[in-house]
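In: structure of the sequence below:
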Amino acid sequence: MRIIKLNKIKKRVDELTQLINEYNKAYYMNDTPTVSDFEYDMLTKELEYLETEYPELRHDDSPSLNVGGKPAEILTKLEHKKPMMSLSNSYSLQEISDFQTRVCSSLEKESNQIDQLDYFCELKIDGLAVSLIYKDGKLQKGITRGDGLVGEDVTQNVLTIETDIPKVIEDTREIEIRGEIYLEKDQLVAINKEREKEGQPMFVNTRNAAAGSLRQLNSEIVSKRKLRFFAYSLVNPSKYNVADQSDSIQLIKLLKIQTNTYSRKCGSFEEISAFCQEWEEKKDELPYEFDGVVIKVNSCKYQEMLGSTAKSPKWAIAYKFTTETAKTRINEIVFQVGRSGAITPVAFFDPVKVSGAVVTRATLHNYDFIQEKNISIGDEVIIKRAGEVIPEVVMVTHKSNDRSIEFPKECPICCTELVSEDEQVAITCPNEICPGRIKAQLLHVVSRNVLNIDGIGEKLIDQLLERKLVKNWIDLFSLTYSQMEELERTGAKSINKVLAEIDKAKQSPLKKIVYSFGIKFIGEKTAELLVNHINTLDDLFKLSLEELMDIDGIGEKSAREVYDYFRKPSTLEMIQDLKRKGVTLEKKDDRISQKFLGQSFVVTGTLEQFTRNEIEELIKKNGGKISSTVSKKTHFIVLGSSPGSKYDKAKMLGTPILTEDEFRQRLMEK
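Out: Numbers count the residues shown, from 1 in each chain. Model (predicted):
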């Protein structure tokens with residue numbers, strides 16, 4: 001029986017070794033990942049467990065012994081003076097707690113007395129790891145991770161990243177700094193537009209684009225890609241009298257090398273957990289991709305004591321944000337009309353459970369997404385579902401008979417000819433009274449994030465449209481009891497509840513009303529930015545294009561859409577209709593004072609006395625405005641520990657800088 005069991009285990013080890021090595025080649029050498037991070041890590045953990053239990057079955061080329069893929073043959077190979085390791089991944093806070101327990105246990109064995117043990121937490125940027133070597137004050141080498149021992153010489157390409165990587169530093173010692181080269185989301189869109197024009201395949205994601213760009217042989221092409229860099233570690237910090245990770249980051253900053261602003265020193269599991277959860281909630285808010293948090297033992301002395309495995313340091317771990325995936329098969333693709341008229345393909349597939357919910361469909365976004373992922377009806381795919389949003393297809397795992405998808409030329413609801421606007425990926429139905437658009441608008445307006453009208457769902461909206469009781473979302477405010485009585489499955493109790501909800505919605509905050517209009521490019525946050533600069537909805541008719549563009553956080557495209565929207569006669573008619581129906585179109589003042597009225601604040605660094613949300617709410621409730629960037633219009637910058645480039649820019653511009661204590665003092669002033 002043992003021989004049979006061992007044979008099965010050997011077969012599984014062989015399968016896993018081959019499979020993971022193939023995945024490594026696709027990810028590290030070809031920059032085209034073929035499996036999700038979660039699935040990859042689960043397979044790796046399974047292999048590591050089997051190799052620990054049955055070490056005699058481990059292969060010489062086991063991926064558990066290697067960091068990444070072999071260096072590409074086309075670039076010059078360079079050996080790392082110190083191995084460039086990868087991190088162990090975790091997918092739950094319990095695993096972080098277990099990591100802390102292991103750290104404490106190991107340190108107690110090594111030393112009778114442990115001083116203050118804290119951790120340094122930073123965002124896990126989704127890019128390509130590189131090592132920078134400076135000598136005599138000049139950048140000598142830029143090397144990719146490669147297999148951890150040998151990487152690729154990308155020095156000429158690294159030299160093009162002048163924004164974040166200086167060619168010369170004010171330190172003549174030999175210094176090695178490691179970090180992540182990445183690409184901002186907007187830049188990926190711009191690059192893919194150019195590649196599409198040239199008939200080249202588009203990059204799947206920002207990491208794929210950054211890696212492909214960095215390995216270009218023509219550095220002129222690389223410079224046009226506008227790559228960015230964040231440093232995250234100093235190699236052999238003891239040589240520079242650096243005691244911990246947070247001091248390493250400070251030294252790197254002094255050398256004018258870019259580091260990430262969003263980091264925090266944490267002294268307990270609760271603080272680490274809070275940092276991880278905070279950034280998991282805010283993971284879509286930054287202009288670049290990050291897929292988790294890196295937790296490091298802060299003390300360099302303790303890092304040395306803890307050491308590493310063949311693959312990963314024992315003093316650090318990555319907490320990956322939870323995005324559960326599942327495999328299924330696409331049975332049908334249907335084209336739906338959105339509230340702005342955008343035509344969205346939606347895949348329907350065999351029911352599968354993801355993140356605790358059984359799902360049967362996923363968005364395919366647009367034609368470019370389908371082409372990029374090479375999706376066809378009948379394909380086996382991996383889907384993911386983050387939070388409560390509709391799932392999306394991550395990748396195709398097995399192709400069908402290649403039943404290619406044809407995008408419609410006419411609207412699937414009203415048969416109007418579809419249009420494609422310049423520089424826009426979406427194909428849209430231009431018919432403003434298209435029943436599909438109106439239905440989508442109604443579903444949007446009654447949803448929780450907008451007017452939150454409980455009791456009105458898709459079936460009720462279908463009936464309202466079929467009986468022509470509403471022709472747009474504003475007609476909801478004039479619905480009567482007798483009209484509702486005509487509908488199916490509507491008793492007195494449910495009718496009264498819906499009418500009460502509609503009446504309550506008339507008092508919605510002005511930012512929700514602005515969001516309800518469905519103006520192109522104007523989401524929930526942009527609507528709030530607009531409302532911060534007006535007192536009544538009528539004020540939007542008075543703002544010039546230049547005044548709209550001056551609002552911090554609103555770009556030229558958004559400003560143009562708002563300006564044009566509030567110049568249309570139909571918009572004026574809608575607002576008059578809202579007034580007749582008793583909808584409040586004035587801003588409710590929830591400010592507790594006006595001491596910061598007209599003042600713009602930027603908050604940077606790690607705060608000790610407030611959370612980021614708390615301090616921003618206090619500023620807004622006292623009449624101030626929050627800005628994400630420092631400019632000549634910034635009145636104050638509130639400074640926490642480990643500030644980033646915003647602090648440097650504030651000093652350069654002479655912007656007044658407040659500590660947390662100074663901010664609190666201003667808050668207490670009458």
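
In: spit out the contact partners of residue 511.
Out: 524, 527-528, 530-531 (CB atoms under 8 Å, 6 or more residues apart in numbering). For glycine as for every other residue, the C-beta is placed from the backbone atoms N, C-alpha and C.

In: so which residues of the stretch 401-550 of the chain form helices?
Out: Along the stretch 401-550 of the chain, the segments classed as helices by DSSP state H, counting those that start in this stretch run 435-446, 458-466, 481-485, 492-505, 510-516, 524-531, 539-542, 545-549.

In: quick one: which of these is nearest residue 639?
Out: Ranking those by proximity to residue 639 (CB to CB) places helix 524-531 first, at 23.9 Å.

In: pull out the buried residues from that closest one.
Out: Buried residues in helix 524-531, counted by 16 or more other CB atoms under 10 Å: 526-531.

In: tell me which other helices or strands it touches.
Out: helix 510-516 (3 or more CB pairs under 8 Å, 6 or more residues apart in numbering; DSSP states H and E).

In: and residue 605, how many neighbours?
Out: 21 (other CB atoms under 10 Å).

In: quick one: pLDDT of the residue positioned nearest the centre of the chain?
Out: Closest residue to the average C-alpha location of the chain: residue 284 at 3.1 Å, with CA atoms, centre = their mean. Looking at residue 284, its pLDDT reads 77.

In: assign a three-state SS to it, would you?
Out: coil (DSSP: H, G, I helix; E, B strand; the rest coil).

In: any idea how far apart the tips of stretch 620-632 sit?
Out: One end of stretch 620-632 sits 20 Å from the other (CA to CA, to the nearest Å).

In: list the buried residues for it?
Out: Buried, per 16+ other CB under 10 Å, within stretch 620-632: 620, 622-627, 630.

In: and the residue nearest to the centre of the chain, its phi and psi?
Out: Backbone torsions of residue 284, given as degrees, to the nearest 10, read phi -100, psi 0.

In: centre of the chain to the longest helix anywhere in the chain, how far?
Out: Ranked by residue count under DSSP state H, the longest helix found in the chain is helix 2-24. Centroid separation for helix 2-24 versus its chain: 35 Å, with CA atoms, centre = their mean, to the nearest Å.

In: and the pLDDT for the closest residue to residue 496 other than its chain neighbours?
Out: Take residue 496 and drop its neighbours on the chain: the residue closest to it by CB to CB, 6 or more residues apart in numbering is residue 481, 7.8 Å away. pLDDT, residue 481: 95.

In: repeat for residue 403
Out: Predicted confidence (pLDDT) for residue 403: 67.

In: can you check residue 169 too?
Out: 94.

In: so it sits right up against residue 137, yeah?
Out: Yes. Here residue 169 lies in contact with residue 137, judged by CB atoms under 8 Å, at a distance of 5.6 Å.

In: rewinding a little: helices and strands around the longest helix of the chain, which ones?
Out: Here helix 2-24 touches helix 37-53, going by 3+ CB pairs under 8 Å, 6+ apart.

In: just the C-alphas of the helix it packs on, formatted as CSV.
Out: This file holds the C-alpha atoms of helix 37-53, laid out as CSV (Å, rounded to 0.1, in the frame of the first residue of the first chain):
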residue,chain,number,x,y,z
ASP,A,37,-1.4,34.6,-8.5
PHE,A,38,-3.7,32.8,-6.1
GLU,A,39,-3.8,29.5,-8.1
TYR,A,40,0.0,29.7,-8.6
ASP,A,41,0.6,30.1,-4.9
MET,A,42,-1.7,27.3,-4.0
LEU,A,43,0.1,24.9,-6.4
THR,A,44,3.5,26.1,-5.0
LYS,A,45,2.4,25.5,-1.4
GLU,A,46,1.2,22.0,-2.3
LEU,A,47,4.6,21.2,-3.9
GLU,A,48,6.5,22.6,-1.0
TYR,A,49,4.5,20.6,1.5
LEU,A,50,5.0,17.3,-0.5
GLU,A,51,8.8,18.0,-0.8
THR,A,52,9.0,18.6,2.9
GLU,A,53,7.2,15.4,3.7
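
In: who does the following helix or strand past that helix pair with, and is each partner parallel or antiparallel?
Out: As assigned by DSSP states H and E, the chain's next helix or strand after helix 37-53 is strand 77-79. Counting by DSSP bridges, the strands paired with strand 77-79 are strand 150-152 (antiparallel).

In: what mean pLDDT does the helix or strand just after the strand it pairs with have?
Out: Sequence order places helix 155-158 as the next helix or strand after strand 150-152, per DSSP H and E. Mean pLDDT, helix 155-158: 92.

In: mind listing what's buried along helix 155-158?
Out: Buried positions in helix 155-158, judged by neighbour count with 16+ other CB under 10 Å: 155, 157-158.
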